[in-house]
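1. A structural model of the following input is requested.
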Amino acid sequence: MLKNIFTKAFVFAIILFVVSCDKDDSPDPENEEETITKAVLVVTNTSDNSSETYNFEVEGHHHDHDDDHADDGDDNDDHEGEHMEVELESNSTYLFEITFFNESDPSNSIDVTKEIIEEADEHVFFYELTDSSITIESAAGDTIDSSGDPIHLKTEWTTTSAAIVDIVAYLIHEPITKTGVSTRTDLGGSTDAEIEFEAYVE
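-> The predicted structure is shown next:
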C-alpha cells in the first residue's frame, strides 16, 4: 500500500515537471510586424488648396536593410508606372501627407497608419534627396513622439528654382536617431516600406 502511494506521488511529480518545462520552453510572443502593401501620398498646394493623390504599391521589407526597392505604381488620376512623377511649382509651398495600408485582402483595406502613429517612438518617415531646390520640414499636425521628435507623416515642402529631383522615401522601424541626418544610412534601424518618385519643379 505504502509502495503504491510513493509510486503515484513519483509519477505525479514527473508530470508536474514535464508540464513546467513545456511552459518554460514556450517562446515569448513577439510583436507582429506591420504588413504594408500600399502607400498613398497626398500633395496639396497651400496657396490654393489644390491637391493630387499618388498611389504606390509597396513590398514589405520585413525589417531588412538589404531588400530591393519596392515597386511603385497604381491606378489613380493617371499617376502610375515605374517612375512616379510629382509635379510642383517653383517658389511654392506644399503639404505632403503619407498614409499606409494593408490590402493583402482586397475586400478588407486596413489603414496601418494608425498603428504607426500609436508606435511613434519606433518609427520615422524619411525623404532622401540631394538637391537644394527643395527643403522639407515637419508640418502642422504631424505626429510627435515621446521625445518631441516629429515622425514626418505630414511634411511641408518649399521649392525654389526649377529642377528634377530623384527622391527615395523610407518608413523606418526603430531608428537610432530621428534628427540631423542627410541619408538613409544615418538613421539606422530597419526599413518597413520604401517608395521612389521624381519631383518635377517647374
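2. Show the pLDDT at T35.
-> pLDDT, T35: 89.
3. could you dump stretch 175-185 to PDB, C-alpha only?
-> Provided in PDB are the C-alpha atoms of stretch 175-185 (Å, rounded to 0.1, in the frame of the first residue of the first chain):
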ATOM      1  CA  PRO A 175      15.800  54.300 -36.000                       C
ATOM      2  CA  ILE A 176      18.900  55.100 -33.800                       C
ATOM      3  CA  THR A 177      18.200  58.800 -34.400                       C
ATOM      4  CA  LYS A 178      15.500  61.000 -36.000                       C
ATOM      5  CA  THR A 179      17.300  64.300 -36.300                       C
ATOM      6  CA  GLY A 180      20.300  65.800 -38.000                       C
ATOM      7  CA  VAL A 181      20.600  63.300 -40.800                       C
ATOM      8  CA  SER A 182      21.000  63.600 -44.600                       C
ATOM      9  CA  THR A 183      21.000  60.000 -45.800                       C
ATOM     10  CA  ARG A 184      19.100  56.800 -45.000                       C
ATOM     11  CA  THR A 185      22.200  55.200 -43.600                       C
END
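4. So what touches it?
-> 123-124, 126, 128, 145, 147, 149-151, 168, 170, 172, 186-189, 191 (CB atoms under 8 Å, 6 or more residues apart in numbering). C-betas here are computed from N, CA, C, even on glycine.
5. now swap in stretch 109-121 and tell me
-> Here stretch 109-121 has contacts from 34-36, 99-103, 123, 143-147, 151, 153, 171, using CB under 8 Å, 6+ apart.
6. mind listing which of those residues are in strands?
-> Applying DSSP state E to those, the entries found in strands are 99-102, 123, 171.
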